[in-house]
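[1] Sequence plus the predicted model coming up.
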Amino acid sequence: MITGWDIYWITRLDGINGTLSVFVALAVTALICTALFYGMWINTGYLTNDDKNTHWGWYKKWLISLSFLIIALSLLVTFIPTTKEAAAIYLIPKIANNEQVQKLPDNAMKFLNGKLEEWVSEFDEKKGEK
């Protein structure tokens, strides 16, 4: 049985998904900016080889951290359903297993066949009058 709290969280899924997408974009931007600034800073010529080795350790930590953050957030965005998807996940099995819903195609075909037979007989009657 679905509760009000469940419905609330289902309606919030689009917001959660959108927020995580923004965080992915920010993390990718930070990764690119870090790479650009590190590349420009290393190539200035003011650093000795020891300084470059020290700063490479700092850069590598940032690179690994941001990469893991991007991967984790991307997985969350991928696997957290949107509100429509969550509603479909919840409702489609309920609808598919409902006896009344399963009878609809048969009942619709019976109705359409009856109407078609009625229309054909009316058409035959009008055709016979002429």
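    Okay, I see it.
[2] Quick check: which helices or strands does the helix ranked longest in the chain pack against?
    Ranked by number of residues, the top helix in the chain under DSSP state H is helix 4-42. Contact analysis of helix 4-42 by 3 or more C-beta pairs under 8 Å, 6 or more residues apart in numbering; DSSP states H and E lists helix 49-79, helix 83-96 as its packing neighbours. Yep, even glycine has a C-beta here, placed from its N, CA and C like the rest.
[3] Output the ones you listed as CSV; include the columns mean pLDDT.
    Shown next, in CSV, are the helices and strands packed on helix 4-42 (pLDDT from 0 to 100):
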stretch, mean pLDDT
helix 49-79, 86
helix 83-96, 84
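[4] May I see those helices organised as TSV, with mean neighbour count added?
    Shown next, in TSV, are those (neighbours: other C-beta atoms under 10 Å):
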stretch	mean neighbour count
helix 49-79	13
helix 83-96	12
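[5] so which of those comes closest to residue 24?
    Closest to residue 24 of these, according to C-beta to C-beta: helix 49-79, at 4.6 Å.
[6] which other helices and strands contact the closest one?
    Contact analysis of helix 49-79 by 3+ C-beta pairs under 8 Å, 6+ apart lists helix 4-42 as its packing neighbours.
[7] ok, and for the helix it packs on, which residues are buried?
    By neighbour count with 16 or more other C-beta atoms under 10 Å, helix 4-42 contains the buried residues 10, 13, 14, 16, 17, 20, 23, 24, 27, 31, 34, 38.
[8] Surely the second one is in contact with residue 76?
    No - the pair residue 13 and residue 76 does not pass the contact test of C-beta atoms under 8 Å, sitting 11.5 Å apart.
[9] Go through the buried residues of helix 4-42 and name the one nearest residue 85.
    Distances from residue 85 to the buried residues of helix 4-42, taken by C-beta to C-beta, are shortest for residue 13, at 7.9 Å.
[10] so who does the residue nearest to the closest one when sequence neighbours are not counted touch?
    Excluding its sequence neighbours, the residue lying closest to residue 13 (C-beta to C-beta, 6 or more residues apart in numbering) is residue 83, at 4.9 Å. Going by C-beta atoms under 8 Å, 6 or more residues apart in numbering, residue 83 touches 10, 11, 13, 14.
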